[in-house]
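Participant: Using only what follows, build the 3D model:
(one chain, ligands or ions: 1)
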Amino acid sequence: MHTDVKEILFTSEQIKGRIQELGRQINADYRGKMLVLVGILNGVKPFLNDLLSTLNLPVSHDLIELSSYGQSTVSSGTVHVLKDVALDISGKDVLLVEDIVDTGLTLHTAIEHLRSRKTGSLKTCALLNKQTRRSVAITPDYYGFTIPDLFVVGYGLDYAENYRELPYIGVLKINK
Ligand code: PRP
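Facilitator: Okay, here's the model as predicted:
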């Protein structure tokens with residue numbers, strides 16, 4: 001375990017196992033359809049890749065970047081669109097993929113942004129759901145785990161761009 005990590009919340013095996021379950025659910029729900037996954041950079045990359053590998057549907061994927069946290073552990077409350085989708089998603093079945101939903105501002109902004117592109121259906125999938133910190137009433141349609149109000153790192157999640165490479169999800173030792 002990394003020396004800055006106090007506790008492992010989810011091991012790599014637990015994460016992969018839960019993603020297999022999510023993939024089974026998504027495969028069943030979208031059977032016979034084509035799906036576009038849109039991931040929210042940057043933290044989503046490991047989750048998006050692992051989720052893609054569980055799908056047996058015709059699927060394409062794209063990425064958007066909406067950043068708010070910068071170098072802090074507390075959300076700034078402002079979400080900016082830094083990178084837009086390149087695919088034409090109008091009329092498509094879109095699944096928005098996020099690593100963690102905390103205040104919900106990022107997911108809310110992403111939904112509004114993609115809706116303006118006149119998608120067909122639009123659902124959301126997050127690996128982690130920190131339900132207690134919502135400032136926008138939103139619950140992902142699919143999520144891997146509900147977690148308490150802890151600052152977590154690993155499996156794509158960072159603190160000041162560090163710890164994204166950890167294969168597990170853990171709690172930072174010091175509340176920085
Ligand atoms: C983090 C995380 C989510 C968002 C969730 O992104 O990856 O996208 O915050 O927080 P919210 O629900 O309070 O909006 P961040 O802006 O830190 O960018 P990153 O993915 O590049 O780490």
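Participant: Please enumerate the strands of the chain.
Facilitator: Secondary structure of the chain by DSSP state E: the strands cover 5-10, 35-41, 59-67, 80-83, 93-101, 122-129, 142-146, 152-153, 169-172.
Participant: Which residues are in contact with the closest residue to Gly154 other than its chain neighbours?
Facilitator: Excluding the flanking residues, the one nearest Gly154 by Cβ to Cβ, 6 or more residues apart in numbering is Leu166, at 3.4 Å. In this view, the C-beta of every residue, glycine as well, is placed from N, C-alpha and C. By Cβ atoms under 8 Å, 6 or more residues apart in numbering, the residues touching Leu166 are 2, 5, 153-155.
Participant: Could you rerun that using 7 Å?
Facilitator: The contact partners of Leu166, by Cβ atoms under 7 Å, 6 or more residues apart in numbering, come to 2, 153-155.
Participant: That one and Tyr159: what is the separation?
Facilitator: 11 Å (Cβ to Cβ, to the nearest Å).
Participant: intersection of neighbour lists for the two?
Facilitator: Joint contacts of Leu166 and Tyr159 (Cβ under 7 Å, 6+ apart) are Val153.
Participant: Including pLDDT, distance to Cys125 and neighbour count, could the contacts of Leu166 go into JSON lines?
Facilitator: Converted to JSON lines, those look like this (pLDDT from 0 to 100; distance: Cβ to Cβ, whole Å; neighbours: other Cβ atoms under 10 Å):
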{"residue": "His2", "pLDDT": "90", "distance to Cys125": "27", "neighbour count": "16"}
{"residue": "Val153", "pLDDT": "97", "distance to Cys125": "21", "neighbour count": "24"}
{"residue": "Gly154", "pLDDT": "98", "distance to Cys125": "19", "neighbour count": "25"}
{"residue": "Tyr155", "pLDDT": "98", "distance to Cys125": "15", "neighbour count": "27"}
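Participant: In helices only, show me those.
Facilitator: Judged by DSSP state H, helices contain none of those.
Participant: tell me which parts of this protein are close to the ligand?
Facilitator: Contact residues, the chain versus the ligand (Cβ under 6 Å from any ligand atom): 40-43, 67-69, 75, 98-107, 158.
Participant: In the least confident helix or strand in the chain by mean pLDDT, which residues are buried?
Facilitator: Every helix and strand in the chain was compared by mean pLDDT, DSSP states H and E; the lowest is strand 80-83, with a mean of 86. Buried residues in strand 80-83, defined by neighbour count with 16 or more other Cβ atoms under 10 Å: none.
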